[in-house]
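> sequence plus the predicted model coming up.
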Amino acid sequence: MKNLLFILLSVTLLAACQSSSDELVSPGASSQVVVRSTRAFHANLTGTIDPTSAPTPCSNTGGTLAVLDYFISGNATHLGLLNATLSTLHHDDCDLNGETLNLSTSVTGQLVGVNGDMITYTGADVINVFNFLTNSGSTGPFTGTWTITGGTGRYAGATGSFTINGIVDFTTLGFTVVADGTISY
């Protein structure tokens, strides 16, 4: 009986030692508290219009400007190659500043790895549409901050944020951005 108890205790300790070194259990806690590790997050993302999405009208444009939703492809640290049919960006609203010709948008979405694990996010973006509105060029700068609000699989309960910097192509209405920040899971 002592040998069986020793074997069970050894297996339990071995399993505990093999758990992720990024997750720590708070010592002395009455219940286990998992401390998540914060890691660098980097992604190269490309957005293509979701042709089935309904336009989100922009305020301050007299109904003449609207934004669509996007499918997102690319590669992200921790997620790897993205599933481009499940990774999305939805525009919740948009507003045009007539003085700066900056289009501000609020977004929600998800980035999904090919294995199905995903992170969800909310964000605020700014697109300079001067070139579009004045026919001065075919691209404009695109910046923003997205906040990680959770996820599924290994990213359940994930938190963090990242900034995005890139270009919108006014001819295709697609975009490319680089994202840099942190993620905790």
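Yes, it's here. Numbers count the residues shown, from 1 in each chain.
> show me where the protein has its helices.
Along the chain, the segments classed as helices by DSSP state H run 2-17, 130-134.
> what mean pLDDT does the longest strand anywhere in the chain have?
Scanning the chain for the strand with the most residues, using DSSP state E, yields strand 139-152. Strand 139-152 shows an average pLDDT of 98 in the prediction.
> going forward can the numbers begin at 625, since that is how I track them
Shifting the count to begin at 625 puts that one at strand 763-776.
> buried ones in that strand, by neighbour count?
Within strand 763-776, the residues that count as buried by 16 or more other Cβ atoms under 10 Å are 763-764, 766, 768-770, 772-773, 775. To be clear about C-beta, it is placed using only N, CA and C from the backbone, and glycine gets the same treatment.
> so what's the most centrally placed residue in the chain bridging to?
Residue closest to the average C-alpha location in the chain (Cα atoms, centre = their mean): Y745, at 4.9 Å. Here Y745 sits in beta bridges with G733, I772, as judged by DSSP bridges.
> does it touch G733 like I think?
Yes. Counting by Cβ atoms under 8 Å, G733 is a contact partner of Y745 at 5.8 Å.
> show me the shaky parts of the protein.
Applying pLDDT under 70 to the predicted model, the residue ranges of the chain that meet it are 625-659.
> phi, psi of S677?
Backbone torsions of S677, given as degrees, to the nearest 10, read phi -80, psi 150.
> any idea how far it is from A690?
Computed as Cβ to Cβ, to the nearest Å, the S677 to A690 distance reads 10 Å.
> okay, these two: which has more neighbours?
The neighbour comparison of S677 against A690 (other Cβ atoms under 10 Å) goes to S677, with 16 against 13.
> now for that one: which residues touch it?
Contact partners of S677, counting by Cβ atoms under 8 Å, 6 or more residues apart in numbering, are 692-693, 714.
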